[in-house]
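*Asks:* Structure, please.
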Amino acid sequence: MRAVLDPNVLIAAALSPQGSPARILRAWLDGAFELITSPLLLEELERALSYPKLRPRISPDEAHALVALLRDEAELRPDPTGVLPARSTDPGDDYLIALAADSRAIIVSGDHHLLELAGQLPVQSPVEFLAVIEPT
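*Replies:* Take a look at the predicted model:
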């Protein structure tokens, strides 16, 4: 199984080591699924991690370590090219949709713009995805 983790899920993992997003990241490191990323996703993550509101909770060293881990260990795919079809009401999410489609991956997100597409696309919340990779 392959998954694209929305940067908001990766940030949530860094903010709360006990939460569902952090459990997803640990499951990936344990081999439960393949994590797909791209240069654009890593750039968005790096930019978001440098926001002043996150600095008190995520140090620059922690932010750098997370981006480096993903760059080194996740499957790095090329960014989607060309004009991306508008699928989300937030055009900034369309590259994630294209990346997941190109990779045959599930999108894991807490973003309501993506979650509202769950009936049309393979999109799951972190809790839903955890239920798939950590069945009870």
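
*Asks:* so which helix or strand takes in Ala3?
*Replies:* Secondary-structure assignment from DSSP states H and E places Ala3 in strand 2-5.

*Asks:* What count of nearby residues applies to the closest residue to Pro122 other than its chain neighbours?
*Replies:* Closest residue to Pro122 apart from its sequence neighbours, by Cβ to Cβ, 6 or more residues apart in numbering: Ile106 at 4.5 Å. Heads up, the C-betas are built off the backbone N, CA and C, glycines and all. Neighbour count of Ile106, defined by other Cβ atoms under 10 Å: 22.

*Asks:* Touching, Ile106 and Ala100? I think so.
*Replies:* Yes - contact criterion Cβ atoms under 8 Å: Ile106 and Ala100 qualify, at 6.9 Å.

*Asks:* shared neighbours, those two?
*Replies:* 4, 122 (Cβ atoms under 8 Å, 6 or more residues apart in numbering).

*Asks:* residue ranges for the helices of the chain, please.
*Replies:* With DSSP state H as the criterion, the chain has helices at 7-15, 20-29, 39-49, 60-73, 94-103, 112-115, 126-133.

*Asks:* Any idea how many residues pack against Leu130?
*Replies:* Leu130, neighbours per other Cβ under 10 Å, totals 18.

*Asks:* How about the one 5 residues further on?
*Replies:* Around Pro135 sit 6 other residues, with neighbours defined as other Cβ under 10 Å.

*Asks:* same check, this time on Pro60
*Replies:* Using other Cβ under 10 Å, Pro60 has 10 neighbouring residues.
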